[in-house]
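Student: give the three-dimensional model of this entry:
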Amino acid sequence: MVAKSGSKRWLSAVDANAAKLGLTIGMPAAKAQAFVRGLNMVDADPAGDLAVLERITLWALTRYSPVVALDPPDGIVMDTEGADHLQGGEGPMLSGLVNSFRAKGLAARAAVADSWGAAHALARSIGNDTSVVAPGQTVDAVTDLPIASLRLNAEVVTGLRILGFRTVGELAATPRAPLTLRFGPEITRRLDQMFGRVAEPIDPIRSPDFVEVSRSFADPIGAAETIAKYVSLLVRRLCRVLQARGLGVRRTDLIVHRVDNTVQALRAGTAKPVRDIAWLTKLLHDRIERIDPGFGIEKLSLAAIMVEPLEDRQFACALIEEAKVDIGAFVDILGNRGKFRLYRVAPVASDVAERSLQSISPVAEEQGQSWPLNWPRPVRLMDRPEPIEVMALLPDHPPVWFTWRGKRYRVKQADGPERIFGEWWQRSSEWVAVRDYFTVADETGERYWIYRAGDGVDPETGSHRWFMHGTFT
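Tutor: Purely as a prediction, here's the structure:
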């Protein structure tokens, strides 16, 4: 990709093949053409790139954190404090984020650190897809990074390299006065931002499609009762706007702007679209204790990040034969505590046991499917079938005994085999694959679900090894 500024043309992006040939970002386009014959160059589209980056940022806002902003030209920045536990922690959150991009054909690297500057530098300098810096370890993590990772302009970076500076650590160990006298205050500001000595607030991105209400205060507030009072007022205003548009909210963000130019955020989610004033107020009030007002709060904003159509319902005064239990409120309470991943197990039309179920929302509508009842299925299914040692006559006899996790079990009763064929439309290795399942009971009456990979005769149908797949207790 070639960027232009006046008569100057340079490479603004290179793919993996171009990088292997020695082309680098910032190289003059004429030099690159002379270096590689037949080079395919396309004019860069900064406006288009920025529009795509904005869409990605809005997607991350709805999924990962209430505070997400653009970090142009190729990044996004998120304040995930208080939100990462909803994704299983910082490591799983980053892995899921990178895998989501990979599934869409985009390569990404992600880093978590104490400061925006450190995370920005690590995400662009690390060799791994993800990097998590423990709290308080930022200085050690960025010491060996190149000075170009400090977000300084190209002229300053070039001047520092001429003076012999190569890494952030070398620059940080140098007296500041001479650097400031020669290059201005930008170097020391960027160093302080990277090390977390100077706050660098994130201004959350907002879409015109979001429903948002706010309240500014001439005199900053800080008492919990006062915050709760104005949160209640904002909820009422938000619900009135939602009702006028026929919408219900699924995810609501309360953004707290403090006088020290820092931002805090609280997120409340619901299992289904709602605009019940009392319920939304309760969900937010339950989380107010997490707000640190600092020296005072100058503005509160309440935004409906995810909305869905919600029609008004009219209830008739009639005899209700069967009351339908609504567990949505219970799901909302547990989900907003962030300690549980709530789901319901639903059947899938598949004979292969590990594919016969899926996790769905606790309040999802019934699909009208059920598991087969002609053969019993275990209460507990292993995450992955575990190998066992077995003595059995081939091809159709149940085991006489089996050894699982170092313990031998003698089989007293057995039922089977139940033959399950592979799903050839899933992958070619299952075209002729079969499994023979047995339900066996040991001397104590405990029942197990085991299977042999293959039909016991043809080696192409499976390895003829045995596996434990589930238990009935």
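Student: let me see the domain layout of the chain.
Tutor: Domain assignment for the chain, taken from automatic domain parsing, gives 2-44, 47-195, 211-309, 380-471.
Student: quick one: which of the ones you listed is nearest N374?
Tutor: domain 380-471 (9.1 Å; C-beta to C-beta). (Glycine included, C-beta is placed from N, CA and C.)
Student: now do that closest one, average pLDDT.
Tutor: What domain 380-471 shows for mean pLDDT is 90.
Student: between the two ends of that domain, how far is it?
Tutor: Using C-alpha to C-alpha, to the nearest Å, the end-to-end distance of domain 380-471 comes to 5 Å.
Student: check what pLDDT the closest residue to T167 other than its chain neighbours gets.
Tutor: In space, T167 comes closest to D144 once its chain neighbours are excluded; the distance is 5.5 Å by C-beta to C-beta, 6 or more residues apart in numbering. Looking at D144, its pLDDT is 92.
Student: when you give positions from now on, start the count at 816
Tutor: Yep, numbering from 816; the last one is D959 now.
Student: can you tell me how far D959 sits from E1180?
Tutor: Going from D959 to E1180 by C-beta to C-beta, to the nearest Å gives 54 Å.
Student: repeat for T872
Tutor: In terms of C-beta to C-beta, T872 sits 32 Å off from E1180.
Student: higher neighbour count, these two?
Tutor: T872 (20 against 7; other C-beta atoms under 10 Å).
Student: what sits against that one?
Tutor: Residues counted as contacts of T872 (C-beta atoms under 8 Å, 6 or more residues apart in numbering) are V883, A884, L885, I891, I1020.
Student: residues near A992, how many?
Tutor: Here the number of neighbours of A992 (other C-beta under 10 Å) works out to 9.
Student: again, but for L1125
Tutor: Number of residues near L1125 (other C-beta under 10 Å) recorded here: 18.
Student: circling back: next, format the domains of the chain as JSON lines and append distance to R1170.
Tutor: Shown next, in JSON lines, are the domains of the chain (distance: least, C-beta to C-beta, whole Å):
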{"stretch": "domain 817-859", "distance to R1170": "35"}
{"stretch": "domain 862-1010", "distance to R1170": "19"}
{"stretch": "domain 1026-1124", "distance to R1170": "26"}
{"stretch": "domain 1195-1286", "distance to R1170": "7"}
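Student: I'd say W1281 and Y1263 touch.
Tutor: No: with contact defined as C-beta atoms under 8 Å, W1281 and Y1263 do not form a contacting pair (11.1 Å).
Student: confirm G920 sits in a strand?
Tutor: No: counting by DSSP: H, G, I helix; E, B strand; the rest coil, G920 is not part of a strand but coil.
Student: can you pull the pLDDT of it?
Tutor: pLDDT at G920 comes out at 86.
Student: what about the contacts of T872, which are in strands?
Tutor: Among the contacts of T872, the members found in strands (DSSP state E) are V883, A884, L885, I891.
Student: apart from its chain neighbours, what residue comes closest to the first one?
Tutor: I take that to be V883. Of all residues not flanking V883 in the chain, L876 sits nearest, at 4.3 Å (C-beta to C-beta, 6+ apart).
Student: picking up where we left off before, test my guess that the residue nearest to T982 contacts L986.
Tutor: No: the criterion here is C-beta under 8 Å, and D959 misses it with L986 at 11.8 Å.
Student: have a look at those two and say which one is more surrounded.
Tutor: Applying other C-beta under 10 Å to D959 and L986 shows that L986 carries more neighbours, namely 20 against 12.
Student: which residues does the more buried one contact?
Tutor: I962, L965, L975, F980, L994, I1002, L1006.
Student: which among the residues you listed end up buried?
Tutor: Buried subset of the contacts of L986 (neighbour count, 16 or more other C-beta atoms under 10 Å): I962, L965, L975, F980, L994, I1002, L1006.
Student: and the last one, what does it touch?
Tutor: Neighbouring residues of L1006 by C-beta under 8 Å, 6+ apart: L965, V983, L986, A987.
Student: how about the first one?
Tutor: Residues touching I962, when contacts are defined by C-beta under 8 Å, 6+ apart, comprise V972, L975, R976, F980, R981, T982, V983, E985, L986.
Student: which residue comes closest to L1095 once chain neighbours are left out?
Tutor: V1050 (5.0 Å).
Student: do a quick rundown of the helices in the stretch 1016-1165 of the chain.
Tutor: Per DSSP state H, counting those that start in this stretch, the stretch 1016-1165 of the chain carries helices over the ranges 1039-1060, 1092-1100, 1143-1152.
Student: tell me which residues of the first one come out buried.
Tutor: It refers to helix 1039-1060. I1042, V1046, L1049, V1050, R1052, L1053, C1054, L1057.
Student: and the first one, how far from F1025?
Tutor: The span separating I1042 from F1025 equals 22 Å under the rule C-beta to C-beta.
Student: now swap in the fourth one and tell me
Tutor: V1050 is 16 Å from F1025, where distance means C-beta to C-beta.
Student: same check on the last one?
Tutor: As for L1057, its distance to F1025 is 12 Å (criterion: C-beta to C-beta).
Student: who touches both of those two?
Tutor: Residues touching both L1057 and F1025 (C-beta under 8 Å, 6+ apart) are A1119.
Student: for the residue nearest to V883, which three-state class applies?
Tutor: helix.
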